[in-house]
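*Asks:* Sequence isn't available, so here's the structure alone:
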């Protein structure tokens, strides 16, 4: 849902769009983070093919719980990773952020992290998971860029989740282990092909195409 005209919305939108215009810098990579839940479903009867090669799938299924997927993507580096977890609360978010900084980009001076401004995304959560010196060191190497409310379409990681859903995950996934296998196969394949994201929409474009979202200037 696109909101009404709002200075707060366009301010945050243009901040995200400006970040996407930065040149590639391995010492300060721009990384996008988003998450989605996946219902785990198993078959009650195994599908089969007849002698003509027609596949038959029973409509009955069994719910096996829910898993959470964190999509991490570096648009200009052509690098992404999907971490499958059992939870999606603030503590889990803190662990994902630490993974990005300490394991994915250990040599970067700073990581610019673009993500949705959700209630679970609080810097203080790192102090609930890690010792103070470690939490502080992680935060010192991060620049947070929040997408505006109702502006999740600005998060490139959301676009990658859509691609993953279409290309890499079957409709019915019976277990967390199988989900991990499928998402790893997908992102390893994209990483090997160095699939970068060429984001074209700029703040200049927004001022024309989304003019109605900009507040009227008071003189």
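*Replies:* Nice, I can see it. Owing to the predicted nature of the structure, the values given are computational and were not obtained by experimental measurement.
*Asks:* mind checking the SS state of the residue most central in space within the chain?
*Replies:* For the chain, residue 34 is the residue whose C-alpha lies nearest the centre (C-alpha atoms, centre = their mean; 2.4 Å). Of the three states, residue 34 takes strand under DSSP: H, G, I helix; E, B strand; the rest coil.
*Asks:* Got the phi and psi for residue 123?
*Replies:* phi -60, psi -40 (degrees, to the nearest 10).
*Asks:* Touching, it and residue 139? I think so.
*Replies:* Yes - between residue 123 and residue 139 there is a contact under C-beta atoms under 8 Å: 5.9 Å. Any C-beta I mention is one placed from the backbone N, CA and C, and that applies to glycine too.
*Asks:* which residues touch residue 184?
*Replies:* residue 82 (C-beta atoms under 8 Å, 6 or more residues apart in numbering).
*Asks:* That one: which element?
*Replies:* Per DSSP states H and E, residue 184 falls inside helix 176-192.
*Asks:* so how far is that helix off the chain centroid?
*Replies:* 15 Å (C-alpha atoms, centre = their mean, to the nearest Å).
*Asks:* Now do the helix or strand following it, average pLDDT.
*Replies:* Using DSSP H and E, the next helix or strand after helix 176-192 towards the C-terminus is helix 203-209. On average, the pLDDT along helix 203-209 is 95.
*Asks:* how close does the residue nearest to the centre of the chain get to residue 166?
*Replies:* 15 Å (C-beta to C-beta, to the nearest Å).
*Asks:* Ok, residue 84 next?
*Replies:* 18 Å.
*Asks:* So residue 150 sits against residue 9, correct?
*Replies:* Yes - using C-beta under 8 Å, residue 150 is in contact with residue 9, at 7.3 Å.
*Asks:* Neighbour count for these two, which is higher?
*Replies:* Neighbours were counted for residue 150 and for residue 9 using other C-beta atoms under 10 Å; residue 9 has more, 21 against 12.
*Asks:* how much space between the more buried one and residue 67?
*Replies:* Following C-beta to C-beta, the distance that separates residue 9 from residue 67 is 32 Å.
*Asks:* and if you look at residue 148?
*Replies:* 28 Å.
*Asks:* is it fair to say residue 71 lies in a strand?
*Replies:* Yes - under the criterion used here (three-state DSSP), residue 71 sits inside a strand.
*Asks:* quick one, what contacts it?
*Replies:* Contacts of residue 71 by C-beta under 8 Å, 6+ apart are 32-36, 80, 82, 157-158, 160-161, 164.
*Asks:* how about the strands in this structure?
*Replies:* Listed in chain order, the strands of the chain (DSSP state E) span 30-43, 48-49, 55-56, 61-74, 79-85, 111-116, 142-147.
*Asks:* I'd like to know the average pLDDT value across the last one.
*Replies:* Over the span of strand 142-147, the pLDDT mean works out to 97.
*Asks:* Between residue 84 and residue 166, which is the more surrounded one?
*Replies:* Between residue 84 and residue 166, residue 84 has the larger neighbour count (other C-beta under 10 Å), namely 17 against 8.
*Asks:* distance of the more buried one from residue 174?
*Replies:* For residue 84, the distance to residue 174 - C-beta to C-beta - is 14 Å.
*Asks:* Likewise for residue 188?
*Replies:* Residue 188 is 21 Å from residue 174, by C-beta to C-beta.
*Asks:* what about the two, which has more around it?
*Replies:* residue 174 (15 against 12).
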